[in-house]
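> what's the 3D shape of this:
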Amino acid sequence: MNNEKNMPRILIAGANSGCGKTSITCGILKALTDRGFHIQSYKCGPDYIDPMLHGHITGTECRNLDPFFSTEEDLKWLMAKDSRNADFTVAEGVMGYYDGIGVSCEKSSHTVSVATGSPTILIVNVKGMSHTMIPIIKGLISYRENPVKGVILNRCTKGLYEMMKPVIEEELGIRVAGYFPEKDGVHIGSRHLGLMTAAEISNLDEVISLLGQTAEETIDLDLLLDIGRKAEPLPVVEAPAIPEKKRTRIAVAWDKAFCFYYKENLEILEQMGADLVYFSPVLDTELPENIGGIYLGGGYPETYRRELSENVSMRAAIRDAARAGKPVFAECGGFMYSCKNLIETDASSMPMLGLADTDVEMTKRLSMQFGYVYVEADRDTPFFRKGEVIRAHEFHYSRASRRGDACTMRKSTGRSWKGVYVVGNVLAGYPHFYFHNCPEMARRFVDLAAGRET
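Reported below is the predicted structural model:
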């Protein structure tokens, strides 16, 4: 019995952050979707915003492939699970191709491409150079064993591309799969946490359409499809079954203020017996009926702090639910909403939920307590047991006057700090958790919501 299947795919990696990966990836996704392909996309690393752009284009929810959260076997399993019904798969890398934890190559886009056997296309920003691009590309493709099969020249004119393509292919023996020119009007807005979300860009469809047209004109999509079809087979994986009878209903905050969720997290909660119902802390005045728990994910609560603060009935409903013992799982943006007051950089303050005994103040710079962390439980709680270690991620332009004392966060450098509030059945903290690597935490959350012993 053949337990493998051909799943055509490519991974688009960059020489560095800011080299144009997202714009070019979005252009390719749009062009292939317009050709009628059912595309499954992925984003390497702990990103929430790029996946929203991918999903807006393809109509299929993007998934994360994070080598810090997942083993190499898990990465292959995750890709196989969600690509099994797609015509073609496109994964977008993170940072530079070899940029991993700290200054190492460990847990990088290179790790993902090798682990999943995904033919890789390098994006190189060649603005301001000609022949010098050859040693740069050579260094990237020869540094380590890798599945790099092609290169796209970004911020490149048609004339330069036509001159350099045959030279690069002759010198390096690698295919040049096209170029991407600089064009006015092709810009995805940004803010302190990165790109703006898909829902916040008023002319997104216009921008995406232009990116797709450009990709169709300047990138050899047929070559990319051919390269992808030569990818090694992946194991046949069936999606885990979702129980027909749900044990409990969990309310998930989902609106313009809260939209940072791993799709895998939501599915795992469903697989463990949760029936997810969505609500808006910004617009709704009450929680969904008959819920057993509340999930407050990440997002931009600071941008909508006035609406959140002035929605007094929703704040009261969440507080009442927490006082009644219903579990509240609040991470990063959800933690900020759970605090007593949210303070802007101008010192103006607005009251929030008050579930965590701290104020949170916005900062103009990224917190130094950011990146991948190992979260070790310092005491037993309803969500984890003392000594358990969970991999997580932090990224925030704010600081809490008190971060909680249920856990110790440690970085690979050895730096550590205390954090995470657990009071009763409320968990609130900066770390984002990925339930695929901590299923027991997800199970305990669902069991708490169902009124079961954890």
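
> contacting residues for residue 281?
253, 255, 257, 258, 296, 308, 311, 314, 318, 337 (C-beta atoms under 8 Å, 6 or more residues apart in numbering). Glycine gets a C-beta too; all of them are placed from N, C-alpha and C.

> now swap in residue 41 and tell me
Taking C-beta under 8 Å, 6+ apart, one finds 25, 29, 51, 54-55, 58, 60, 62-63, 89-92 in contact with residue 41.

> with residue 364 instead?
Contacts for residue 364 (C-beta under 8 Å, 6+ apart) come out as 345, 397.

> please repeat the previous calculation with a cut-off of 6 Å.
residue 345 (C-beta atoms under 6 Å, 6 or more residues apart in numbering).

> same thing with residue 107?
67, 68, 100, 101.

> same thing but 8 Å
Residues near residue 107 by C-beta under 8 Å, 6+ apart: 67, 68, 100, 101, 372.

> re earlier: nearest to residue 388 among the contacts of residue 281?
Of all the contacts of residue 281, residue 388 sits closest to residue 296, with 21.9 Å by C-beta to C-beta.

> ok, now which ones touch the closest residue to that closest one other than its chain neighbours?
For residue 296, ignoring the flanking residues on the chain, the nearest one in space by C-beta to C-beta, 6 or more residues apart in numbering is residue 334 at 2.9 Å. Counting by C-beta under 8 Å, 6+ apart, residue 334 makes contact with 253, 258, 295, 296, 297, 298, 299, 301, 428.

> quick one, which of those residues are buried?
Buried subset of the contacts of residue 334 (neighbour count, 16 or more other C-beta atoms under 10 Å): 253, 258, 295, 296, 297, 298, 299, 301, 428.

> make CSV out of those and add distance to residue 221 and secondary structure.
Shown next, in CSV, are those (distance: C-beta to C-beta, whole Å; DSSP: H, G, I helix; E, B strand; the rest coil):
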residue, distance to residue 221, secondary structure
253, 39, strand
258, 36, strand
295, 39, strand
296, 41, strand
297, 35, coil
298, 34, strand
299, 34, strand
301, 40, coil
428, 46, strand
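
> if we can go back for a sec, which is the next helix or strand following the helix or strand harbouring the residue nearest to residue 296?
Per DSSP states H and E, residue 334 falls inside helix 333-338. The helix or strand immediately downstream of helix 333-338 is strand 341-343, counting by DSSP H and E.

> counting by contacts, list what whichever helix or strand comes after that following strand packs against.
As assigned by DSSP H and E, the chain's next helix or strand after strand 341-343 is strand 349-351. Judged by 3 or more C-beta pairs under 8 Å, 6 or more residues apart in numbering; DSSP states H and E, the packing partners of strand 349-351 are helix 305-310, strand 341-343.

> for the helix or strand just after strand 349-351, what is the average pLDDT?
Next helix or strand after strand 349-351 toward the C-terminus (DSSP H and E): strand 359-362. Mean pLDDT, strand 359-362: 93.

> what of stretch 89-102?
The pLDDT scores in stretch 89-102 average 95.

> how about it: buried residues?
Counting neighbours by 16+ other C-beta under 10 Å, stretch 89-102 gives 89-101 as buried.

> where does the stretch 1-150 of the chain have low pLDDT?
Under the criterion pLDDT under 70, the flagged ranges of the stretch 1-150 of the chain are 1-2.

> nearest to residue 18 among the contacts of residue 107?
Top of the list for closeness to residue 18, among the contacts of residue 107 and by C-beta to C-beta, is residue 100 at 17.6 Å.

> now do the SS call for the closest one.
Look at residue 100: counting by DSSP: H, G, I helix; E, B strand; the rest coil, its state is coil.

> same question, the one 3 residues further on
Classification of residue 103 using three-state DSSP returns coil.

> tally of neighbours for it?
Using other C-beta atoms under 10 Å, residue 103 has 7 other residues around it.
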